[in-house]
Every structure is written in C-alpha cells, then in structure tokens.
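Asks: what's the 3D shape of this:
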Amino acid sequence: MTDSGTTYDLVILGGGSGGYAAGLRAATLGLSVALVEKDKVGGTCLHRGCIPTKALLHAAEVADSAREGEQFGVRTTLEGVDMGGVNKYKDGVVDRLFKGLQGQLKARGITVIEGEGRLTSPTTVQVGDTTYSGRNVLLASGSYSKSLPGLEIDGHRVIASEHALTLDRVPESAVILGGGVIGVEFASAWTSFGTKVTIVEALPRLVPAEDADCSKTLERAFRKRKIAFKTGTPFESVAVTDSGVRVTVAGGEVIEAELLLVAVGRGPNTTGLGYEEVGVALDRGFVTVDATLQTSVQGVYAVGDIVPGLQLAHRGFQQGIFVAELLAGLAPTPIDEAGIPRVTYSEPEVASVGLTEEQAREKYGDVEILNYNLGGNGKSQILKTAGFVKLVRARDGAVVGLHMVGSRVGELIGEAQLIYNWEAYPADVAPLVHAHPTQNEALGEAHLALAGKPLHFHD
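Replies: Here you go, the predicted structure:
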C-alpha cells in the first residue's frame, strides 16, 4: 500500500453531477481537489440519464413533427426511425459535453484519479494500492437502476433505462414497469417512434410525486396519444419467451410485448464502499446528513443521489457547490428541497416547484388555488398544446407551489422557481412585463388572475 504523498483540501469519491460540481467550485475558490471516478466523469446524468434521454426525446419530437406536419399546412411524412442515426446524434451530444467537462477539470487543476475508490478513514480514500488523503472527504457515489425482488434484469428482454438508451432498433411493443419520470419519458419517446407501449404503475396515478391535477392532465394526453397505462396495478411476474416477454399483473392479466423496461426508481450506491466501516450512518442505504450536508462523521460530507430526497442532477450540482463554499469559509444558504424545480420531459411536459395542493393544505390549512388554462395563451395555441399553469397560494400569502403541464413548459420553470424561492406574492409578479407571444406569458397571466386582475383568462 502506498500513499499519494499529497494531502488535498478535498477528496471527492464520485465524479457525477454532485462530485464534479463540488470539485469545480472548490478549485475556483483555491482549494486543492482530488476527484476519484471509476467510470467517466459526468456520471449517470451525462452518460446514462438526463442528457441522452433528452436527446432521445428531442429525436421523438422531430418524428412527431414529421408525422403531423399536415396540420400546420406542411406536407411531410415520416418514413421511419433509424435508431443507428438517433444513437449517433445522441452519443455526439454526450461526447461533446464529456470532452468539455474533462477540459474544465484539467483547466482548474483538479487531480482526476481513475479507479474504484473506497473510504478507509474519515480522511482517506483508497484506489487500488494507493491511498489519497484529504482534510475533508465528499461522498458522491451516485445511484443505480433498481429492480423489484425476484425480478432479474437481463439487459436483453428485461431491461433498465441504461439498456434502453443503447437499443439498435425501435421495439414493436414494450411494457414499462413504473409510471414515474423515467417510465413516462420512455413511454413518450417510444410512442413517437412507433412502439406500442403499456405502462404498469402500482400507485393510483402516473407521476405520483406530482400534483394530482398534473397527473390527470398527463393521463388525458397519454390516452389521446394511445399510450396504454394501468394504474393501481401491482406487477406480479414476467416470463421471457422466444419472441419477448409475458408480464402478469395483479388480477392475473397477462400483457405480451417485445421488451419489459423496469423503471421503478434508483437506489443509492453505498454498498461495499467502506462507509459503514468508517462510521457513516446510513438509512435504508442512503447517507444521512445534517443541514450542512455533513455525515455522522466529522469532515465527511455527502451529496447527490445517495442523500435522501430528490434524485436530480441540478440538486447534486447545488449541493456540491454548497459543500465547496462551506469548506472555503463562505456562508452558503442551506438548500430548500421544495424549492428545487422538477421537470418530466414527456409530451406533454410536466414542470413544478414548491408544494403540491395536497402538501400545501396539510401545511397551511387554508389555501388559494388558481388554474390558468393554456387555451388563453397565444404561443400555446400556435404550438397546438393543451395544459395549464396552476398556482397554489397560502391564503393571503406567498405563492407556495407552481405546477405546469404542456409542450415545452419545462422552459418556464426558471421563473417559476424564482417566484417560489423569493416567496413572491401574486401582486409582486403581476406588474412584471412578459413578452408576447410567449408561453412565459402564462405565468404572468396566472399571477394577474390571482392578484384579482385577470386578462386573457379562460375558466
């Protein structure tokens, strides 16, 4: 066993969103940083998650545009989908971002260590036969695709999201187990490519973590797109056949398809990394932290998907920045989990920040609700999208929840999260001028209406 001979200000175990963000910010603030990554920096988000799935969804949008051009007076037809071409486009996006990230890490003087790391003490991480020492250690080991007990993912007929992103063909049919973000995004993309999709979700509605009105509107849109789904329907078993899979759900119903995509969430990568041996407290595999993201061990911090809460890349970014600034002696503001924006990039999109109506009623009791129908928004009419902007307000107080459904509404979440995080009242937002015609106007119109002076408002 050898020692690297250098004691870094920060040693980071994991080069995904939270880990590399912490490294970049810490290096900018003058700290010496070592970043340990067993695969490729950028982690799940860049290589197997956010970026490639959104590239796939954009290709799906292009397919829909070609198929539906006639409704806009443009004579187009969809001849087919070349998955080789789609994958080349997708991989090109990922590769350019990966090279850019590598350049950023190098330019800021971060020591990148390739290999599988293991925490061996509150100040050391071992990689192979070498030990790297840090005055502080950050755990950012990310997550993996979960399955259900007894359900084996073979990567061929029963697949996880990472396998779905490398398919060399458009499946004729697929069952998707799980109606959360991952499940509905793949259902949306595959349907646009021509796959017959059935979603199986044990909970009562699709995207069950979102506001109930968002779920209802998404379900209505999916029915219109002929995406089949069974909610309140637990999975029972799957049998692999010569031609595909036979999926049995509660009640004994059997669904046959070419593939079964298991999209039941992601689990924390914390097993076998030395965390518990060093004294880091875990809860069901997740690392527990305090308000400063410090674990139960002094000087050891944790960020990203291994910390209980939303498993989102931008949450990891912000947590990494927080830890770096804390260690550099600054006084960063603790992160409000409810203030983290959430987007599901299906067609239509679902975007939200803050509390759902149900959560707001539990917290405040008396609330005001306003639904602004996108039928009153000119740009939404141009795009031929239906949906709404829903505001949840504590009675006579600030807006505590914003929820949107419709094509491209994910691009509106920036202003929405400012409204929530600044604890704005409707009257604070109503005087702001929103460009016309934009979908962004829908946020302005909704706040005008809630402030008591509606303009283009449709009940």
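Asks: count the neighbours of the closest residue to residue 367 other than its chain neighbours for me.
Replies: Closest residue to residue 367 apart from its sequence neighbours, by CB to CB, 6 or more residues apart in numbering: residue 360 at 4.8 Å. The C-beta positions use only the backbone N, C-alpha and C, and glycine is treated the same way. Neighbour count of residue 360, defined by other CB atoms under 10 Å: 22.
Asks: okay, residue 360: pLDDT?
Replies: What the model reports for residue 360 is a pLDDT of 97.
Asks: the one 10 residues further on now?
Replies: In the predicted model, residue 370 carries a pLDDT score of 96.
Asks: give me the number of residues near residue 135?
Replies: Neighbours of residue 135 (other CB under 10 Å): 14.
Asks: which element, helix or strand, includes it?
Replies: Assigned by DSSP states H and E, residue 135 falls within strand 130-139.
Asks: what's next to whichever helix or strand comes after that strand, contact-wise?
Replies: Proceeding N to C from strand 130-139, the next assigned helix or strand is strand 143-145, under DSSP H and E. Contact partners of strand 143-145, identified using CB atoms under 8 Å, 6 or more residues apart in numbering, comprise 44, 153, 160-162, 262, 266-269, 304-306, 311.
Asks: now do the contacts for residue 207.
Replies: Contacts for residue 207 (CB under 8 Å, 6+ apart) come out as 179-181, 184, 214-215, 218, 344, 350.
Asks: any chance of the residues you listed in CSV, plus secondary structure and distance to residue 389?
Replies: Shown next, in CSV, are the contacts of residue 207 (DSSP: H, G, I helix; E, B strand; the rest coil; distance: CB to CB, whole Å):
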residue, secondary structure, distance to residue 389
179, coil, 23
180, coil, 22
181, helix, 20
184, helix, 20
214, helix, 11
215, helix, 16
218, helix, 15
344, strand, 16
350, strand, 12
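Asks: what's the first helix or strand after the helix ranked longest in the chain?
Replies: Looking across the chain with DSSP state H, the single longest helix is helix 83-107. Beyond helix 83-107 on the C-terminal side, the first helix or strand identified by DSSP H and E is strand 111-114.
Asks: I'd like the mean pLDDT over the longest helix of the chain, please.
Replies: Taken as a whole, helix 83-107 has a mean pLDDT of 97.
Asks: off-centre distance for that helix?
Replies: Distance of helix 83-107 from the chain centroid (CA atoms, centre = their mean, to the nearest Å) equals 19 Å.
Asks: show me what it is packed against.
Replies: Counting contacts by 3 or more CB pairs under 8 Å, 6 or more residues apart in numbering; DSSP states H and E, helix 83-107 is packed against helix 17-28, helix 43-48, helix 50-67.
Asks: quick one, helices of the stretch 301-450 of the chain?
Replies: Assigned by DSSP state H, counting those that start in this stretch, the stretch 301-450 of the chain shows helices spanning 313-327, 357-364, 378-383, 413-421, 426-429, 441-450.
Asks: out of those helices, which is the most enclosed?
Replies: Greatest average neighbour count among these goes to helix 441-450 (a mean of 24), per mean count of other CB atoms under 10 Å.
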